[in-house]
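# No letters, just coordinates:
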């Protein structure tokens, strides 16, 4: 029996080191998301994650599942937004997920303890420590400090807590960048497919809303399950560099190019202006870079790009026909409004948030008023702490944490930039990822979204492993990828 178990573990250990495993998990994630079997999916993923962390040597076994778990949450059961938004909090669904989550957490903690000697190798403790300390003390002594402390404790756990886990368990085995690029390209593609799926299952609502209220009203209905339209578009944009890396370096150029172009275009479907700007710049840059590098595949790349472009034109024509939109009148109205712009309205209230943070600074310039004052004093029915953050980490630092926050922000950005710009494999893709995060954080709340934070902690930990690799850290057998990756 023991021999059989070891044999099964050996087979699993070999498979999880291959790109096929990443895409198998991604395909399963997409299927269960569409089927809206959230409770069963979460339980399955958590149990598998705990098992992999405890028994499978290769860290890719549990990490791939962990990264994909948030994306199994369906649009139909999305907390606070979906058609059945209380699904996840119903006892018959919540309790099994909690038990499975404990199993997953126990397996991961066991793994961390087993490999605790690696914890001290972390290079970003200072950066994340400063950020965490600032989040926790912001607004101390102010009226809503306890609410700020509660909300930001989750932020700290996702940033610093998971960073420790990744530093302990992730190893640079020679294929680390290839693995993380494959994983994040898969995540971008899965997220893009889920955005497109929203249009499929809510087509009637889409058609009615566009016809009666316009695109801005429809944007509020774009819920992927794990995130609203803005976060969905921004997250895809953050991970686009890795999809284009695979298209540029992998022998299966057609497969990865198709994924990269599809993911890029799906950002448009989110109607997220921040995501479209960031993703558009990234896509244009890496499209040109890929065309330059893949001379032998230029005709195929151009053909695929043209097919997608024609598909977009056809889809737009169908929308115009089905909704009876007067395109000319719509464009004329848009241009006419340029002469009388309400910046507060155009910014979706962000400017009001920023002005308020400047006011907070005058009230408490040293330590700020905390991050939850705006939420506690608002009466708009929002039930999500982070939705009332400043949508700009600079203004949040100024008003919510005062001078301490400003100095901390400068120090953290400096330390992260200094790390990311060092020389290592895949540097340009990591730097663009960091730049995208810094830009997006100027216009949205990505800098406090839990899953965005632990994914950022993961990429940062991987960056360190690539920068400071030591031969003696190579504790895994380097497996030859099955889809022909070529190290940069």
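Cool, the structure landed. What you see is a predicted model, and the numbers here were worked out from it, not measured in a lab. Numbers count the residues shown, from 1 in each chain.
# so residue 158 makes contact with residue 453?
Yes: assessed by C-beta atoms under 8 Å, residue 158 is found in contact with residue 453 at 4.1 Å. Backbone N, C-alpha and C define where each C-beta goes, glycine included.
# what's the neighbour count on residue 79?
16 (other C-beta atoms under 10 Å).
# do the same with residue 298
12.
# which residues does it contact?
residue 291 (C-beta atoms under 8 Å, 6 or more residues apart in numbering).
# Can you say which helix or strand has it in it?
Element membership of residue 298 [criterion: DSSP states H and E] is helix 298-323.
# Buried by neighbour count: which residues of that helix qualify?
Buried positions in helix 298-323, judged by neighbour count with 16 or more other C-beta atoms under 10 Å: 301, 304.
# So which of residue 158 and residue 453 has more stuff around it?
For residue 158 versus residue 453, the count of surrounding residues by other C-beta under 10 Å is larger for residue 453: 24 against 20.
# a strand runs through that one, doesn't it?
No: Residue 453 is assigned helix when assessed by DSSP: H, G, I helix; E, B strand; the rest coil, not a strand.
# residue ranges for the helices of the stretch 151-300 of the chain, please.
Taking DSSP state H, counting those that start in this stretch as the criterion, the stretch 151-300 of the chain carries its helices at 162-169, 176-201, 203-212, 215-219, 229-249, 253-269, 273-293, 298-323.
# what's the most buried one of these?
Highest mean neighbour count of these: helix 229-249, a mean of 27 (counted as mean count of other C-beta atoms under 10 Å).
# so what secondary structure elements neighbour it?
helix 176-201, helix 253-269, helix 273-293, helix 427-440, helix 450-467 (3 or more C-beta pairs under 8 Å, 6 or more residues apart in numbering; DSSP states H and E).
# Turn these into a markdown table, columns for distance to residue 63 and mean pLDDT.
Below are the helices and strands packed on helix 229-249 laid out as a markdown table (distance: least, C-beta to C-beta, whole Å; pLDDT from 0 to 100):
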| stretch | distance to residue 63 | mean pLDDT |
| --- | --- | --- |
| helix 176-201 | 8 | 96 |
| helix 253-269 | 20 | 95 |
| helix 273-293 | 24 | 94 |
| helix 427-440 | 17 | 97 |
| helix 450-467 | 8 | 96 |
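# Let me know which of those helices is the nearest to residue 232.
Closest to residue 232 of those, according to C-beta to C-beta: helix 176-201, at 5.5 Å.
# what angle sits between the closest one and helix 450-467?
160 degrees (axes from the mean of the first three to the mean of the last three C-alpha atoms, to 10 degrees).
# which other helices and strands contact helix 176-201?
Using 3+ C-beta pairs under 8 Å, 6+ apart, the elements in contact with helix 176-201 are helix 19-35, helix 60-69, helix 229-249, helix 253-269, helix 450-467.
# Columns distance to residue 363 on top of those, output as JSON lines?
Output for the helices and strands packed on helix 176-201, formatted as JSON lines (distance: least, C-beta to C-beta, whole Å):
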{"stretch": "helix 19-35", "distance to residue 363": "44"}
{"stretch": "helix 60-69", "distance to residue 363": "41"}
{"stretch": "helix 229-249", "distance to residue 363": "29"}
{"stretch": "helix 253-269", "distance to residue 363": "38"}
{"stretch": "helix 450-467", "distance to residue 363": "28"}
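# Which of those sits closest to residue 170?
Among the helices and strands packed on helix 176-201, the nearest to residue 170 by C-beta to C-beta is helix 450-467 (5.8 Å).
# chain center to the closest one: distance?
11 Å (C-alpha atoms, centre = their mean, to the nearest Å).
# Going forward, the N-terminal residue is numbered 40.
Understood, numbering begins at 40; the last thing we discussed is helix 489-506.
# buried sites along that helix?
Quick answer for helix 489-506 (16+ other C-beta under 10 Å): 490-506.
# other SSEs contacting that helix?
Here helix 489-506 touches helix 99-108, helix 184-195, helix 201-208, helix 215-240, helix 268-288, helix 432-459, helix 466-479, going by 3+ C-beta pairs under 8 Å, 6+ apart.
# 10 Å - rerun?
helix 99-108, helix 164-176, helix 184-195, helix 201-208, helix 215-240, helix 268-288, helix 432-459, helix 466-479 (3 or more C-beta pairs under 10 Å, 6 or more residues apart in numbering; DSSP states H and E).
# could those go into TSV alongside distance to residue 45?
Converted to TSV, these look like this (distance: least, C-beta to C-beta, whole Å):
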stretch	distance to residue 45
helix 99-108	15
helix 164-176	37
helix 184-195	39
helix 201-208	21
helix 215-240	24
helix 268-288	34
helix 432-459	39
helix 466-479	37
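# hmm, back to that, gap between the helix holding residue 337 and the chain center?
Distance, stretch centre to chain centre, for helix 337-362: 27 Å (C-alpha atoms, centre = their mean).
# between that helix and helix 268-288, how big is the angle?
160 degrees.
# Show me the shaky parts of the chain.
Applying pLDDT under 70 to the chain flags residues 40, 119-124, 361-387, 418-423, 509-527.
# mind redoing it with 90?
Along the chain, segments meeting pLDDT under 90 span 40-47, 114-129, 212-213, 241-268, 289-290, 332-341, 344, 348-392, 411-429, 508-527.
# between the helices and strands packed on helix 268-288, which one is nearest to residue 172?
helix 489-506 (15.5 Å).
# before we move on, back to that, out of the helices of the stretch 190-339 of the chain, which is closest to residue 478?
helix 312-332 (5.6 Å).
# In terms of secondary structure, what does that closest one contact?
helix 268-288, helix 292-308, helix 337-362, helix 466-479.
# make it 6 Å
Packed against helix 312-332 by the contact rule (3 or more C-beta pairs under 6 Å, 6 or more residues apart in numbering; DSSP states H and E) you find helix 268-288, helix 292-308, helix 466-479.
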